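> Have a look; sequence and predicted model below, questions after that.
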Amino acid sequence: MQNDFKKALSVMMDSLRGVMTPEQELELISVVAFIKNQDEAAFTKLMNVGQSGLLEVFLQTVAELSKDFPDCLGNMNLQIEPVTLKQVLEQISHFDSLEGFSDAYRTIARERFGIRGGENISNENESQLIKALLGNVTDKTLYDGVAGLASTTSALEVKQRYLQDINQQTAQVAARLLTIEGKDFEYQIGNSLEKPLTKPESFDLAVMTPPMGMRLSAVNEIQKQSYLFPELKAKIPTSGADSLWLQLALHSLNATGKAFLTLATGCLFRGGYDAKVREYLIEHELIDTIILLPQGYFSHTGISGAMFILRKDKPKGTPIKLIDASEMGLKARRGVELQSSEIQLVADLYHGKIEAHKCLKSVLLSEIRSNGYDLGFGRYFIKELAQIAINPTAELSKLAELTQKHQQSQQKLNELLSKFDV
């Protein structure tokens, strides 16, 4: 069914090309699908309104529904033509059910626009890996302070989602998609690092994939936030976003909570402020596992990533698990795709079902201290050199042949030079 929606979405967007921007196309499609999902009678009426009055009735329908769904339809500014609206209505009307629509929508947004399609939109790699790592979380509450279109969090069956994003349009689209899916959620709009709307120590899980290479602007405002480790008095640099997300995630967790954050690999070894935060996390035994991800894991950036798994109640004196998944995945049109067997292997290593494997290192605090709190995987994994079979006789024969060719070339060069008395 999802493939059918993907095809239909692609057809709709191609037919609207040049009439609206791609972002406007997707927003209109999500609104029409939302109306069909929430009020079939209103949708049927729109299908039977003449083109001259269609836009007016459509806007009235949106206004009426926004009273019950302000997070999904409030403060909208749709710039559309009746003929365009008619096309989208007709396409959406072909589907009896919208099951699978939201996933297809997120996929199209990611494939066509990357980060523009929904801020920090994630992909199938992350959704499947997170699901395997978390397991059954139906009784858990979840926080994501940089939720985008909620691609990963929507794939998790949790008791409640508490989401936040800085982009209002993205948040509204995400709210529509989640409502169509029948998911429970609360979605707030705002900058999570500057004004987090989460309640401290409230959630069982924090799952976040912040934008890579993010630069901070309101450092002075951030410096006042209560989620920062009080013992650290260091000034926050404009490049310190990764370390802030780690602190915010921990601040949101209850006493037994776990956080799953995917960050750029520089967070493993960078100095300065990042090093101070890393040392704090290590000495307070808050890092449970780190998974080094393959190049191309994300479809919208070539930056390498690592997943930090933090645990508030990690047993004292236990090692940090390092799982090297950097060589996993098959090359695809966009990046790499993790295979189901690889995802299961990573999950089994994390859950302790496999205790010895070439991709796993359990590192004690004393060893990490001796490495200056550097968590770069190169310090703990020794890459095996590929063994090359050498045939001495064949290699000597090649060398003799090359020597002969060199001598012949040298002789020809000398003959040419002698003609010019050089």
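Alright, I've got the coordinates. Numbering: from 1, shown residues only.
> mind listing what's buried in stretch 271-281?
For stretch 271-281, burial by neighbour count (16 or more other C-beta atoms under 10 Å) applies to Tyr273, Asp274, Ala275, Lys276, Val277, Arg278, Tyr280, Leu281. For glycine as for every other residue, the C-beta is placed from the backbone atoms N, C-alpha and C.
> tell me which of those residues is nearest to Ile108?
Closest approach to Ile108 among these (C-beta to C-beta): Asp274, at 35.6 Å.
> Wait, a strand at that closest one?
No. Per DSSP: H, G, I helix; E, B strand; the rest coil, Asp274 lies outside any strand segment and is helix.
> Can you give me the distance of Ile222 to Gly145?
13 Å (C-beta to C-beta, to the nearest Å).
> Mutual contacts of the two, please.
Leu193 (C-beta atoms under 8 Å, 6 or more residues apart in numbering).
> Name the residue in these two with the higher neighbour count.
Legend: neighbour count by other C-beta atoms under 10 Å for Ile222 and Gly145, higher for Gly145 (26 against 19).
> What backbone torsions are found at that one?
phi -90, psi 0 (degrees, to the nearest 10).
> you'd agree it is up against Pro196?
Yes. If you go by C-beta atoms under 8 Å, Gly145 and Pro196 touch, sitting 6.3 Å apart.
> Can you pull the residues that touch both of the two?
With C-beta under 8 Å, 6+ apart, Gly145 and Pro196 have common neighbours Gln164, Leu248, Ser252.
> Neighbour-wise, give me the winner out of those.
Going by other C-beta under 10 Å, Ser252 tops the shared contacts of Gly145 and Pro196 with 27 neighbours.
> is it true that that one touches Gly145?
Yes. Counting by C-beta under 8 Å, Ser252 does reach Gly145; the two are 7.5 Å apart.
> where do the contact lists of these two overlap?
Pro196, Thr198, Ala206.
> how would you label the first one: helix, strand or coil?
This points to Pro196. Applying three-state DSSP: Pro196 is coil.
> For it, give me its contacts.
By C-beta under 8 Å, 6+ apart, the neighbours of Pro196 are Gly145, Gln164, Gly190, Gln225, Tyr227, Leu248, His251, Ser252.
> Tell me the one of those residues nearest Glu56?
Nearest to Glu56 out of the contacts of Pro196 is Gly190 (C-beta to C-beta; 33.5 Å).
> Show me where the stretch 101-250 of the chain has its helices.
For the stretch 101-250 of the chain, helices defined by DSSP state H, counting those that start in this stretch occupy the ranges 101-113, 124-134, 168-181, 219-222, 241-252.
> Ile368: which of these is closest?
Proximity to Ile368, assessed across the helices of the stretch 101-250 of the chain by C-beta to C-beta, is greatest for helix 241-252 (16.2 Å).
> Show me what that closest one is packed up against.
Secondary-structure packing of helix 241-252 (3 or more C-beta pairs under 8 Å, 6 or more residues apart in numbering; DSSP states H and E): strand 203-208, strand 253-264, helix 272-283, strand 305-311.
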